[in-house]
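In: Model the following, please.
(chains A and B)
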Amino acid sequence: MIIDAFDLPEGHVLAADVCIVGGGAVGLSMALHLIGSGLDVLLLEAGGLDVETDTQALYRGEVADETMHSPLDRYRERRLGGSTTTWGGRSMPFDPIDFEVRDYMPHSGWPIGREDLDPYFPEANRLCEAGRFLYTVEEAFDTPRQPMMPGFDSAIFTTNTLERFSCPTDFGRRYRHKLEAARNLRVILHANVTAVGLNPEATVVERLTARTLKGRQIGIRARQVVLANGGLESTRLLLASRDVMDKGIGNGHDILGRYYMCHVAGTIGAIQFNRPVWNGYDIADEGTYCRRRIAIRPDMQRRHRTGNIIARLHHPRITDPGHGSGVLSMLYLARMFIPYEYGKRLHGGVKLGLGTQVRHAVNVVLDSPNTIGFLWHLLRDRRLAERKFPSIIVRSKRHLHSLDFHAEQEPNPESRVTLSDQRDALGLPRLRVDWRYTRGDVESVSRFLELLAGEIAATGVGRFEYDPETVEREMTRYGAYGGHHIGTARMGVSPRTSVVDPDCRVHGIANLYLAGPAVFPTSSQANPTLTAIALSLRLAAHLRRRASARPAGFDATEGSPS
Amino acid sequence: MSRRILVLGADGFIGRRVVSALAASSWALPVAAGRRSIPSQDGGIDRIRLDATDAKAMRQALSGMDGVVNCVGGGAETMVLAARQIFGMTNQSGPTVVHLSSMAVYGPASGDVDEDQPLQGGTGPYADAKVECERLAAGYPRSVVLRPGCVYGPGGSQWSERIARLLVARRIGELGAGGDGIANLVHVNDVGAAVLSAWRRTECWGRAYNLTQASPPTWNDYFFDYARALGAVPIRRLSGRRIAIAARLLAPPVKLAEIAAGLVGLGGLIPPPIPPSLARLWRQEIRLLSDRAECDLGLRWTDLHRGLAETASWVASRLG
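Out: Residues are numbered from 1 along each chain as shown, chains lettered A, B, ... in the order given. Have a look, this model is predicted:
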């Protein structure tokens, strides 16, 4: 059932076995998993069914260095479906090595292993509509595929792992019928949670307060509370709930908000291959787009002390008309039609002089057959297709590519989010983000590139040239990779070094859980969504088990003050 | 001693399977009756032509029978008229009747549905007729009602050949929310086994049994597994809008074209229509519970992948 908080009376109190805060990928996955569980589930969504400017504005905040981090109301969507209403759909599991303690990676190590999440990944893939949980080309395809880089037989890198893509599925739209039909689930729209109320002993969440932008306030009592409102927003809510714990809930040891990670990513150099390579998509039997990438083997990460990093064969930087590609020039000229979140790493908001723009126009004219073909492909396979072609792929006739890398960041306590002095329209302090990268991040990517250049040369497949002096500049050209909000409420066994325990429960609070990438202690090479969903399904299973031993004395009465 | 068992609707997909299952048993002498059957005697099977809605002919046919299996399909009216003839027998020591009903009797119900769920129909004349037939069956003490889900297997047109043709033509595939319903599939061999088992167990009289394999897939999953078995991959993602257009706008003219083509012997050339009822079923999240059939009738369901593989090879031979 879907209810609008605008239709609830002022002061109304709702009660539930489980209250999930946030209706994005993580919150909805949990709610869907709990349908038919016998538990009474409440899901509080801050937004409505569509974009609402005033609601979205609640996300605004401060950024310490605007060249290093996108504005806080970007890459986040405050509405049913959350940021799946705008995501690119790359659905990747974290690798087993990501969970390990690595002596060369400060603060690394999860208290759980990949094997703890493995039972939940197939369902996570299913919810994302990203096909089966098969992530090598050999497993995913019955028939052999052409190699990515023929002859590249390396002991350091693999080219057989896959990226899989969701439609990209908007969870709110896709699963709305299930939310409406479910008998044990109520989704409350426009319910912005503004406070998590603890008992005086700070051991149990007694009440949540939610408010609408029309000034209405409702109360929620729940046996179990799950914050699934995104890496940044869940942290903000905990930091801001200071009436019982003066530094915020779960922040007794000043860990909350620290270790903030995104990913470091960039495009660098030129790889001239001697033979044609395959940088396009393969389509799996279930119709999902799959793409291979270059990954550094786990044992080689340990030996060479690099983070987990992957790279893709990319097109040249589009702003430079020297590439001669009509397609890329057209993308530059049509940049105003490309959404901010996607344009940022495509053209980076670079403004070019008239002469350069004319050269782009000349490219479009001279390369018009390819440009027209591309437009048709864009219309058929992306605009009109229900399962969308995931990215811009430009084949190079000269076998010339740049390298696009996506790298793990070191957990760093100085990279952090805090509360600002500003407040939003509901009175909640806004967030201030101070994202940092480390010398270790630069060195890790540098080693990766150096090893790759060596292997490309050693295997005789081509030549990879780049200026090692530009690595730091390229990996920070667009700042932190947008939309990945990781690590601010890290998981661990000790409250001294972490915010949540291995079950995602906030240390010391019996019934408060966090779901989402905020609890990831490390960031992997992978985009966080799929792993966040798998972890949330594990949490949902945990809550089901806990529900069988319900604590006595819970007041399940609902109603409005008379 | 061999039992004479009249199988009504013996020319249909389920009827054929029931007849051969009975013929293969050591205890039954099936009499296969169909409206268009050509009378014959072959391999221990008596074939007779019989209109099950004809009261006089039915009285004659039923005399001397130990049992009846009602697989009469076709129009709603035919099914009800036939049921009236069968269950109008007032003789309490009359033949035992195994009546093939359908999950359609549950109408638009959703969630887990066992045999105690009230019958509501309401999703069209077929469902209403099946409810009426069950009402008639309820007044006859020596009857067992079987409620199969979607019966598939080699020889099946509805859930085997039609779905295969739609998959091969990429007119269905991955349907998103439009395929989230549960495909309560049951292999035709399992229906045959259920009939034999039901007939032999007097403790089953007066009871109804859902027939569907355990842990049925969603329609999306079914389409994917079936498409793989057919080699019709990669499957295509289709929007809800596209299916709605196919169901609401295109289905009537396609159906007319199919009928017209059938009359001139070109039926195979016209793509199968997707009627709105089918699109609705693909969304219906109804899960039939069939534990009672497993327990009372001792059924073990055919493995879906094995069933699909043999169905796909049958379809391949049909489609060339």
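In: How far off centre is the helix or strand bottoming out on mean pLDDT in chain A?
Out: Every helix and strand in chain A was compared by mean pLDDT, DSSP states H and E; the lowest is helix A:340-343, with a mean of 73. Computed by Cα atoms, centre = their mean, to the nearest Å, the chain-centroid distance of helix A:340-343 equals 15 Å.
In: what does stretch B:75-94 give?
Out: The chain centre lies 19 Å from the centre of stretch B:75-94; the measure is Cα atoms, centre = their mean.
In: list the buried ones in that stretch?
Out: Within stretch B:75-94, the residues scored as buried using 16 or more other Cβ atoms under 10 Å in any protein chain shown are B:76, B:78-87, B:89, B:94. Yep, even glycine has a C-beta here, placed from its N, CA and C like the rest.
In: same question, stretch A:238-255
Out: Counting neighbours by 16+ other Cβ under 10 Å, stretch A:238-255 gives A:238-241, A:245, A:248-252, A:255 as buried.
In: Tell me which of the buried residues of stretch B:75-94 has the lowest pLDDT.
Out: Of all the buried residues of stretch B:75-94, residue B:89 has the smallest pLDDT value, namely 71.
In: Next, the contact list for it, please.
Out: Contact partners of residue B:89, counting by Cβ atoms under 8 Å, 6 or more residues apart in numbering or on different chains, are B:62, B:95, B:140.
In: with these in mind, which one is nearest to residue A:142?
Out: Nearest to residue A:142 among those: residue B:95, at 51.8 Å, using Cβ to Cβ.
In: Please identify the residues of the stretch 151-300 of chain B in proximity to chain A?
Out: Residues of the stretch 151-300 of chain B lying near chain A by Cβ under 8 Å from any Cβ of the partner chain: B:173-174, B:176-177, B:180, B:224, B:227-228, B:233-239, B:242, B:283, B:285.
In: I'd like to know which of those are buried.
Out: Using 16+ other Cβ under 10 Å as the burial test, those include B:173-174, B:176-177, B:180, B:224, B:227-228, B:233-238, B:242, B:283, B:285 as buried.
In: among these, which are in helices?
Out: B:224, B:227-228, B:242, B:283 (DSSP state H).
In: Contact partners for the residue of the stretch 51-200 of chain A found nearest chain B?
Out: Distances between the stretch 51-200 of chain A and chain B by Cβ to the nearest Cβ are smallest at residue A:177, namely 5.4 Å. Counting by Cβ under 8 Å, 6+ apart, residue A:177 touches B:177, B:180, B:283.
In: Regarding it, what is its secondary structure?
Out: Here residue A:177 takes the helix state, with states given by DSSP: H, G, I helix; E, B strand; the rest coil.
In: Which parts of the stretch 51-200 of chain B are helices?
Out: All helices of the stretch 51-200 of chain B, identified by DSSP state H, counting those that start in this stretch, fall at B:55-62, B:76-87, B:125-138, B:162-168, B:188-200.
In: which one of the contacts of residue B:89 sits closest to residue A:304?
Out: Among these, and counting by Cβ to Cβ, the member closest to residue A:304 is residue B:140, at 80.0 Å.
In: how near is the closest one to residue A:146?
Out: From residue B:140 across to residue A:146, the span is 66 Å (Cβ to Cβ, to the nearest Å).
In: Which one's more surrounded, the two?
Out: The neighbour count for residue B:140 versus residue A:146, taken as other Cβ atoms under 10 Å in any protein chain shown, is higher for residue B:140 (20 against 11).
In: you'd agree that one is up against residue B:87?
Out: Yes. Counting by Cβ atoms under 8 Å, residue B:140 touches residue B:87, with 4.3 Å between them.
In: what sits in contact with each of these two?
Out: Common contact partners of residue B:140 and residue B:87 (Cβ under 8 Å, 6+ apart): residue B:97.
In: right, and residue B:20 touches residue B:192 too?
Out: Yes. Using Cβ under 8 Å, residue B:20 is in contact with residue B:192, at 7.4 Å.
In: What residues does the stretch 101-250 of chain A have near chain B?
Out: Within the stretch 101-250 of chain A, the positions near chain B by Cβ under 8 Å from any Cβ are A:129, A:167, A:174-178, A:181, A:183.
In: Would you mind giving the domain segments of chain A?
Out: As given by automatic domain parsing, the domain ranges for chain A are A:2-130+A:169-260+A:412-437+A:482-547, A:137-165+A:262-409+A:444-475.
In: wait, which of those is closest to residue B:186?
Out: domain A:2-130+A:169-260+A:412-437+A:482-547 (22.6 Å).
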